[in-house]
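Student: Predicted model and sequence follow; I will ask about them next.
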Amino acid sequence: MGEKKIAIYEPDRTVKQGYITLWKENFQDLKENLWLIRQFFFREFKGQYSQSLLGIIWAFILPLVTLAIFILLRSSGLFNVGVIEVPYVIYALLGLSFWQLFVTGIVQSTNSLVSAGSMIKKVNFPRETLVFASLGNALFSFALQMGIVFILFGIYGFFPHWKFLLFPLMIIPILLLTCGLGFIFSLINGIIRDLGRILGLGLTFLLFITPIAYELPEMGFLATLARINPLYYLSIAPRDLALTGTLSHPLGYFISCGLSIFVFFYCWMTFHLTETRIPERL
């Protein structure tokens, strides 16, 4: 019989193992637990839609309602969306889809540990698998919304630029940022359960002051705020490529990509080092 591999989890083991060893352990755990991530995703997916009256339709409702609000505000003249040379519905929905990818991922990952609290207390497994699995629902909703975008392309007779094919790559930075923040927010939510409600209010407010469904103002407080908001660049860059084939703010986008990578790896390591204390907090 072969020797059994025993994993020993110790708090504050950075000095003993070193960061290189810990990163190897992180990626090894991720590789070995891909099956577990898939199972958690299907578990959450079935739980979210199986007992719902509208079921999968909920994945369409929020972005379409948000889009309808912006269309109503635009048609009533309450705000100026600027000069847009493509159908506004396509313009707005493309930006809102990426924003919704971030929002759904953050909300799901923030609640991932709390919703699995009883299982975490009984079973020993890498807790980051719950956060990674929570992004699956966000990606699924995003794919459905992209389906609506393709339908709108056909309705309006609009052909996107060939660089639209780069969409899968453009998703990666916003997913890294979402997952990184999800690691930290899930830990905080285990201690302060009001975080989920606070996030919901904060993200709704942030949406309306971030120029995603309208053009960036040339000056003013909103323009300044948008220029330091990485979500602005990560949400509009894919739309820029799809509609024009160029990036309107390349420097801001690449800085935001670098920030997303840093946030992801820093927060993942922080989560990994503190996961042994999670059960006692839930």
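Tutor: Nice, thanks for sending it over.

Student: Could you list every helix and strand that the helix or strand hosting residue 262 packs against?
Tutor: Using DSSP states H and E, residue 262 falls within helix 250-274. Under the contact definition 3 or more C-beta pairs under 8 Å, 6 or more residues apart in numbering; DSSP states H and E, helix 250-274 sits against helix 19-32, helix 128-156, helix 167-191, helix 230-243. Just so you know, the C-beta spots here come from the backbone N, C-alpha and C atoms, and that holds for glycine as well.

Student: Tell me which residues of the first one come out buried.
Tutor: Right, the one you point to is helix 19-32. Neighbour-count burial for helix 19-32 flags 26, 29 (criterion: 16 or more other C-beta atoms under 10 Å).

Student: Now do that helix: distance to the chain's middle.
Tutor: Relative to the centre of its chain, helix 19-32 is centred 23 Å away, using C-alpha atoms, centre = their mean, to the nearest Å.

Student: what angle do that helix and helix 250-274 make?
Tutor: 90 degrees (axes from the mean of the first three to the mean of the last three C-alpha atoms, to 10 degrees).

Student: Quick one: mean pLDDT over helix 19-32.
Tutor: Mean pLDDT, helix 19-32: 77.

Student: what are the phi and psi angles of the closest residue in space to residue 139 that isn't next to it in sequence?
Tutor: Nearest non-adjacent residue to residue 139, counting by C-beta to C-beta, 6 or more residues apart in numbering: residue 101, 7.3 Å away. For residue 101, the backbone dihedrals (degrees, to the nearest 10) come out as phi -60, psi -40.

Student: residues touching residue 101, list them.
Tutor: Counting by C-beta atoms under 8 Å, 6 or more residues apart in numbering, residue 101 touches 138-139, 141-142, 171, 174-175, 178.

Student: and the closest residue in space to residue 246 that isn't next to it in sequence, how many neighbours?
Tutor: Spatial nearest neighbour of residue 246, chain neighbours left out: residue 240 (6.1 Å); criterion: C-beta to C-beta, 6+ apart. Counted with other C-beta atoms under 10 Å, the neighbours of residue 240 add up to 21.

Student: what's the helix or strand hosting residue 118 packed up against?
Tutor: Assigned by DSSP H and E, residue 118 falls within helix 117-122. On a contact count with 3+ C-beta pairs under 8 Å, 6+ apart, helix 117-122 meets helix 278-281.

Student: about what we covered before: the helices and strands packed on helix 250-274: lowest mean pLDDT?
Tutor: helix 19-32 (a mean of 77).

Student: Check residue 102 and give its pLDDT.
Tutor: 91.

Student: right, I mislabeled it, should have said residue 44
Tutor: pLDDT, residue 44: 74.

Student: ok, now which ones touch it?
Tutor: Here residue 44 is in contact with 108, 115, 133-134, 136-137 (C-beta under 8 Å, 6+ apart).
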